[in-house]
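[1] with the input below, show me the fold.
(2 chains, ligands or ions: 2)
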Amino acid sequence: MIQARGLARTFPTKHGEVAAVRGVDLDVAPGEIVGFLGPNGAGKTTTLRMLTTLLAPTAGTATVAGHDLRADPAGVRRRIGYVAQTGGTDPATPVGEELELQARLYGVPGRAERIAKLCARLELDGLAARPSAALSGGQRRRLDIALGLVHRPPLVFLDEPTTGLDPQSRGNLWEHIRRLRDEDGTTVFLTTHYLDEADALCDRLLIIDRGRIVAEGTPDELKRRVSGDVVTLELGAGAERARAALEAHPAVREATADGGTVRLTVDNGDRELMGLVRALDAAGVELTSLRLARPTLDDVFLTVTGRSLREAA
Amino acid sequence: MSQIVRDTYLIFMRHLRPTLRNKVALVFGALQPLLYLLLFGPLLKDVFGGGGSWQVFVPGILIQLVLFGAGFAGFGLIADLRSGVVERLRVTPVSRVALLLGRVLRDTVVLAAQALLLVAAGVALGLRAPVGGVVVGLAFVVTLAVSIASLSYVLAMMTRTEDAFAPLLSTVTLPLMLLGGILLPMSMAPGWLDVLSRFTPFRYLVDATREAFQGHYATAAVGQGAAVALVLLVVSVTLGVRRFRRENA
Ligand SMILES: Nc1ncnc2c1ncn2[C@@H]1O[C@H](COP(=O)(O)OP(=O)(O)OP(=O)(O)O)[C@@H](O)[C@H]1O
Ligand SMILES: [Mg+2]
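    Ligands and ions are numbered 1, 2, ... in the order given. Here you go, the predicted structure:
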């Protein structure tokens, strides 16, 4: 659905050039929900604006929804939807008029019906006559999203779609995005700062930092690949003996002992747990407690960039 | 082609609707030239002697209406740039040209309505002009409105903020208005000022509209006015279309 090679963009500013995106390669398959994760200023919005024909890349090529970005931007536009990070509604224009115009510009058949259905799904019904200045922040965000989806695009770009939504609306929107994929086969490319969102919603993640993609994979793959699982063992005595016994275990990447505690970094922790316990048993060490912690995406980010995502953001 | 027409209509209606919702704003938009008519126009009676003064003054006020009314059009675009409406529309398959023409058309319709209002007010104050002359004058008004609005949008796209656009606009419009001989004809000006004013397009449009209001159509002034209006139209719309077509407008 998206193939990009070496996509780059620099902005000239008064204080020299800002390299916002420095050569991004992307492959997004049809029907995927792909999350673009990264701290403030990483280049997420700039990448999206290039892929949606709003910004000419300074280097690189891309095919989006089957059309070449540079040679056929009009072809790209007909097949994509885009919800900008900062929205795109006029404060004075009534909700109904915005949706109507958007649907007409895309030539949506069965306009009224489509708009009514979308409004029901995004909890916007009854607001048609309201100017968007008189909507709550969450309602306005949902209107932005409705505007980006009104023509049922096979590919949608959502730039921080859930920022400013309450937990319930966020949950509803996740549900809606999953339904886009499952029922309509829509491909979704979204950016987010929220690790839980990336984890819960995305089939695959791309982590971008300082204009470059620094890691990619499914949320589980990323967590496994980058850090492994952390197993913490509490032992009454014999921590050093336990460490020595476990170090040789093939799944264990790293083992440290500290007082009565042994910390292990393990591949596939949930599957290997039994084996670890058996190894301890064979070594005759008594176990008080055992904890398995999956690494978070924040750990991933820390490993890849040396900074915490929350710090960087 | 049919897509451009359809899209232009959609964009035109989007921008016209707020005006239709709030018709009072239409009158307020013409308030400044209306005040010139009411409070300044009568002074000219003595300068020109009798009712003929309105045939000189009303055309000048019409051109002034366009210069300021259409000149300010860019502010609307800057608001839409800021709210993200422009980007939202640019992601749709809408014709780029329609994004310009729809706006310009709306500005032109509003200015034509305001121009009619001013002519009516002029008639009430004592203007006597042939209908044909008024029609020709309004044709100049409409052509000029299209040109000035297009240029205003080009400047707005370039500056992108009110803070940069507003001073630029007043720096450009005020000298153009004064040199156009809008309040008093440039034929009264000293030689150097007369020459200087011939380098500005409005001089020719004001003179041509004045001639038309006096019922003189086949004159050099009307011909020059028409030529200047057409050249200005082609240049302005070309600049506008090029700017709106740019990938990163
Ligand atoms: N028009 C511009 N002119 C100059 N610099 C820009 C422009 N747009 C973006 N930048 C710079 O490019 C970098 C990337 O910005 P971008 O908006 O893509 O980040 P982002 O990942 O979307 O961040 P956020 O999470 O805050 O939305 C930043 O350093 C930003 O300041
Ligand atoms: Mg952003």
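[2] list the buried residues of the helix ranked longest in chain A.
    Longest helix in chain A, counting residues (DSSP state H): helix A:167-184. Neighbour-count burial for helix A:167-184, counted by 16 or more other Cβ atoms under 10 Å in any protein chain shown, picks out A:169, A:170, A:172, A:173, A:174, A:176, A:177, A:180, A:181. In short, each C-beta sits where N, CA and C put it, glycine included.
[3] list the residues that contact the fifth one.
    By Cβ atoms under 8 Å, 6 or more residues apart in numbering or on different chains, the residues touching residue A:174 are A:162, A:197, A:200, A:201.
[4] which parts of the stretch 51-200 of chain A are strands?
    With DSSP state E, counting those that start in this stretch as the criterion, the stretch 51-200 of chain A has strands at A:59-64, A:67-68, A:80-83, A:155-159, A:187-192.
[5] looking at the fourth one now, give me its mean pLDDT.
    The one in question is strand A:155-159. The average pLDDT within strand A:155-159 is 97.
[6] and residue B:233, how many neighbours does it have?
    Per other Cβ atoms under 10 Å in any protein chain shown, the neighbour tally for residue B:233 reads 16.
[7] in contact with the residue most central in space within chain B, which residues?
    The centroid of chain B falls nearest to residue B:66 when counting by Cα atoms, centre = their mean (2.4 Å). Residue B:66 makes contact with B:111, B:115, B:141, B:144, B:145, B:148, according to Cβ under 8 Å, 6+ apart.
[8] elements contacting the particular helix or strand that has residue B:44 in it?
    Assigned by DSSP states H and E, residue B:44 belongs to helix B:44-48. The helices and strands touching helix B:44-48, judged by 3 or more Cβ pairs under 8 Å, 6 or more residues apart in numbering or on different chains; DSSP states H and E, are helix B:52-71.
[9] what's the helix or strand for the closest residue to residue B:166 other than its chain neighbours?
    In this structure, residue B:166 finds its nearest non-sequential neighbour in residue B:75, 8.0 Å apart by Cβ to Cβ, 6 or more residues apart in numbering or on different chains. Under the criterion of DSSP H and E, residue B:75 resides in helix B:73-83.
[10] would you mark the buried spots in that helix?
    B:73, B:74, B:76, B:77, B:78, B:79, B:80, B:81, B:83.
[11] about what we covered before: pLDDT score assigned to the residue nearest to the centre of chain B?
    Predicted confidence (pLDDT) for residue B:66: 94.
[12] ditto for residue B:51
    Value listed for residue B:51 in the pLDDT field: 62.
[13] ok, now residue A:267?
    On the pLDDT scale, residue A:267 gets 82.
[14] what's the answer for residue A:35, then?
    In this prediction residue A:35 is given a pLDDT of 96.
[15] where do the strands sit along chain B?
    For chain B, no strands turn up when DSSP state E is the criterion.
[16] the residue positioned nearest the centre of chain A - nearest residue in space that isn't next to it in sequence?
    Taking Cα atoms, centre = their mean, the centroid of chain A lies closest to residue A:35, which sits 2.4 Å from it. Counting by Cβ to Cβ, 6+ apart, residue A:202 is the residue found nearest to residue A:35 once chain neighbours are left out, at 3.4 Å.
[17] closest residue of the stretch 51-200 of chain A to ligand 1?
    For the stretch 51-200 of chain A, the residue closest to ligand 1 is residue A:85, as judged by Cβ to the nearest ligand atom, at 5.5 Å.
[18] so what's that residue closest to, chain neighbours aside?
    Nearest to residue A:85 is residue A:159, by Cβ to Cβ, 6+ apart, at 3.9 Å.
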